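Asks: kindly return the folded structure for what I paste below:
(one chain, ligands or ions: 1)
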Amino acid sequence: MGIGRATPATQTLEAAQRFASPAQTAGALAQRVSEVIRYGVKARGRASLLVPGGRTPIPVFERLRTLALPWDQVYVSLTDERRVPEDDEASNARLVRTHLLQEDAARAHFYPLHREGVGERADEAACGAALGLLPRPFDAVILGMGSDGHTASMFPDDPALSRALDTATDSRCVATQAPDAPYARLTLTLNTLLQSRWIALHITGAAKWATLRKAVDGGDTHRFPVHALLNQRHVPVHVYYSP
Ligand SMILES: O=C(O)[C@H](O)[C@@H](O)[C@H](O)[C@H](O)COP(=O)(O)O
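Replies: Residues are numbered from 1 along each chain as shown. Here you go, the predicted model:
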């Protein structure tokens, strides 16, 4: 770690939990999420879980669904979504239904974010309304990160990024665009993601670690949106990493 004043981001990076393999990371993260959820249900009668899309979380979903949880008291939604029909390969709702909401976990309450066939503003409103149905603060949030430093669907150089990162916004969701992608996205705003009790950032591979270090050392949130997630003191962020 470079010399200089410790920031929340540098402290979070220093506290990262490193595992020997992606499988061990997924197992440890699934176990911890189950504990957070179990505690939330015990304390408040129900618990909410927000999960990302992508490939990295799949082993976490497949492990988590095997753990004994009061799934009918668990409320699940997404940190972001692709604006495609649910039967589209790219849909995160499809990913969650396929890999997480199976077996006993199928009893959980699931709130997709995207409404097909509406414009951006209406879709943002539908996304916000869906999230309004979950217990908040959210009990557990899992986020991934791209090797470009995006998290959720907050992408560098996206014109909508300022809206998503605006600390004064009441919006829960913003329509965004990944570079060179055939579909648009919806992302939870930073403000909404931080209305949580516990956040995990789950990354695998040396390239993503290098990006995370660059994001923390450089401190440029518009170049590395993930920096905004780490450089705050509202919610603890737990980095789960393996090479
Ligand atoms: O909808 C998505 O794609 C995710 O929410 C996104 O933010 C993801 O976490 C990163 O792109 C990493 O994706 P991988 O896990 O596939 O590397």
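Asks: any idea what the residue positioned nearest the centre of the chain is bridged to?
Replies: In the chain, the centroid-proximal residue (Cα atoms, centre = their mean) is residue 143; its distance is 2.8 Å. Judged by DSSP bridges, the bridge partners of residue 143 are residue 201.
Asks: I'd like to know how far it sits from the ligand.
Replies: Distance check for residue 143 against the ligand: by Cβ to the nearest ligand atom, to the nearest Å, it reads 7 Å. C-beta: built from backbone N, CA, C; applies to glycine.
Asks: mean confidence score for the longest helix seen in the chain?
Replies: Looking across the chain with DSSP state H, the single longest helix is helix 22-44. Average pLDDT, helix 22-44: 98.
Asks: now do stretch 71-88
Replies: Averaging pLDDT along stretch 71-88 gives 98.
Asks: does it reach the ligand?
Replies: Yes: against the ligand, stretch 71-88 shows contacts by Cβ under 6 Å from any ligand atom at 79-80.
Asks: export the next helix or strand after the longest helix of the chain as CSV, just CAs?
Replies: As assigned by DSSP states H and E, the chain's next helix or strand after helix 22-44 is strand 47-51. Provided in CSV are the C-alpha atoms of strand 47-51 (Å, rounded to 0.1, in the frame of the first residue of the first chain):
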residue,chain,number,x,y,z
ALA,A,47,-34.2,-9.9,5.2
SER,A,48,-33.3,-8.5,1.8
LEU,A,49,-30.5,-9.6,-0.5
LEU,A,50,-29.3,-7.8,-3.7
VAL,A,51,-27.1,-9.7,-6.1
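Asks: angle of strand 47-51 against helix 22-44?
Replies: Relative orientation of strand 47-51 and helix 22-44, computed by axes from the mean of the first three to the mean of the last three Cα atoms, to 10 degrees: 150 degrees.
Asks: output the contacting helices and strands for strand 47-51.
Replies: If contacts are counted by 3 or more Cβ pairs under 8 Å, 6 or more residues apart in numbering; DSSP states H and E, strand 47-51 sits against helix 22-44, strand 74-78, strand 140-143.
Asks: let's go with 10 Å and repeat that
Replies: helix 22-44, helix 58-64, strand 74-78, helix 92-99, strand 140-143 (3 or more Cβ pairs under 10 Å, 6 or more residues apart in numbering; DSSP states H and E).
Asks: ok, back up a step: is the longest helix of the chain up against the ligand anywhere?
Replies: No: using Cβ under 6 Å from any ligand atom, we find that helix 22-44 stays clear of the ligand, coming within 10.3 Å at best.
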